Structure formats: structure tokens, C-alpha cells
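Q: My questions are about this predicted structure, shown below with the sequence.
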Amino acid sequence: MSRPFKCRRIANVPGITYFKPAGIPLDNLEEVTLSLEEAEALRLKELEGLEQEQGAEKMNVSRPTFQRILASARVKSADAILNGKAIRIEGGNFELARNRYRCRGGHEWEVSGIIVAPAVCPECDNTEIQPVLSAGYGCGRGGHGRHGGRR
């Protein structure tokens with residue numbers, strides 16, 4: 001029996017999802033598609049500087065799965081940069097972690113009607129805030145749910 005699928009958690013959808021090399025018309029351009037979970041793995045490892053274990057925990061996946069997602073993202077990014085291809089960020093199998101937050105001190109709370117994460121914990125004023133998955137929120141394999149459709 002195969003292992004149950006764990007939906008990959010991402011903190012947000014990037015505001016810009018298409019990049020292309022300057023000076024090459026779109027008609028002559030090849031594309032590389034980076035899934036949203038690949039973009040999230042790059043963000044966690046390269047921009048936040050997290051270790052793979054920490055990144056895996058934030059994405060709700062095992063460390064080997066995080067490593068595979070990250071390796072795929074790096075190969076695709078290198079291919080696009082070194083071979084002059086466009087990068088499109090879309091699709092994948094993921095759940096969007098929103099509206100529920102946890103501070104480093106372990107306090108959790110829900111925020112309604114807000115898009116920007118709170119700056120401090122309402123209980124202890126800790127500024128290290130992370131989004132967490134709300135109870136009952138999820139997706140299925142294939143990503144054809146509310147947030148993670150394949151295109």
C-alpha cells in the first residue's frame with residue numbers, strides 16, 4: 001500500500017508569476033513551468049535561509065520530499081536562466097496556509113478578513129509569526145481543488 005499523500009503547504013501565491021529574458025520575443029521563447037510548491041521550496045531555502053528540515057515542516061512534507069521539490073525547482077530555474085527560457089509559476093498540489101497564525105512561543109490564533117499577516121502575537125507580542133493550516137482545510141492529490149489546479 002502506498003503512503004498517504006500529504007498536501008504541500010505554501011504561504012502565499014507570488015504576485016508576479018511570469019519572467020522572460022529581455023530582448024527575445026514571446027513567439028520565439030520556450031517556457032519552463034515552476035509549480036507553486038517548487039517556488040515555495042526555493043523561497044524557504046534560498047530567501048529565508050531555512051534548513052531542509054525546517055522547510056519541510058513549513059510545507060507539511062517529509063524532508064526527502066522537500067529535497068526532491070527543491071532539486072526540481074533548481075534544475076528548472078537553471079535551465080531557464082542558462083538557456084534563455086521564460087519561467088511561468090502556476091499549478092501544483094498545494095494548500096494555501098492563511099488566516100491561522102502561530103508565534104514562536106507556540107500561541108495560535110485565527111484572523112478573519114485580512115490578507116497581510118499580523119506583525120505581532122496578540123498574546124505575547126512575539127514578532128516571529130508563521131502561517132499555519134486551518135483545521136479542516138486541505139486538498140487532494142492532483143491539485144484540482146480550490147487553490148491548486150494543474151493547467
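A: On my side now, so go ahead.
Q: give me phi/psi at residue 89?
A: The main-chain torsion angles of residue 89 are listed as degrees, to the nearest 10 and equal phi -110, psi 120.
Q: Cross-check the contact I'm expecting between it and residue 12.
A: No. With contact defined as C-beta atoms under 8 Å, residue 89 and residue 12 do not form a contacting pair (11.8 Å). In short, each C-beta sits where N, CA and C put it, glycine included.
Q: Same drill for those two, tell me which one is more crowded.
A: A direct count of neighbours by other C-beta atoms under 10 Å for residue 89 and residue 12 places residue 89 higher, at 20 against 15.
Q: Find the residue closest to that one in space, skipping its chain neighbours.
A: Nearest residue to residue 89 in three dimensions, chain neighbours excluded: residue 17, at 4.2 Å (C-beta to C-beta, 6 or more residues apart in numbering).
Q: mind listing what residue 104 touches?
A: 126, 128, 130 (C-beta atoms under 8 Å, 6 or more residues apart in numbering).
Q: Then the last one would be within a strand, right?
A: Yes. Assigned with DSSP: H, G, I helix; E, B strand; the rest coil, residue 130 falls within a strand.
Q: Hmm, it is touching residue 101, no?
A: Yes. Counting by C-beta under 8 Å, residue 101 is a contact partner of residue 130 at 6.7 Å.
Q: Which one's more surrounded, these two?
A: Neighbours around residue 130 and residue 101, counted as other C-beta under 10 Å, are more numerous at residue 101. The numbers are 20 against 15.
Q: For that one, give me its contacts.
A: 108, 109, 110, 111, 117, 118, 121, 129, 130, 131, 132.
Q: what about it, which SS state?
A: Residue 101 ends up strand, using three-state DSSP.
Q: and it, how far is that from residue 37?
A: According to C-beta to C-beta, to the nearest Å, residue 101 and residue 37 sit 21 Å apart.
Q: What of residue 90?
A: Separation of residue 90 from residue 37 (C-beta to C-beta): 11 Å.
Q: Stretch 42-55 - what's its average pLDDT?
A: Mean per-residue pLDDT for stretch 42-55: 95.
Q: Ok, stretch 111-131 next?
A: On average, stretch 111-131 scores 79.
Q: ok now that stretch, how far from the chain's centre?
A: 19 Å (C-alpha atoms, centre = their mean, to the nearest Å).
Q: Can you give me the end-to-end span of that stretch?
A: Using C-alpha to C-alpha, to the nearest Å, one end of stretch 111-131 lies 10 Å from the other.
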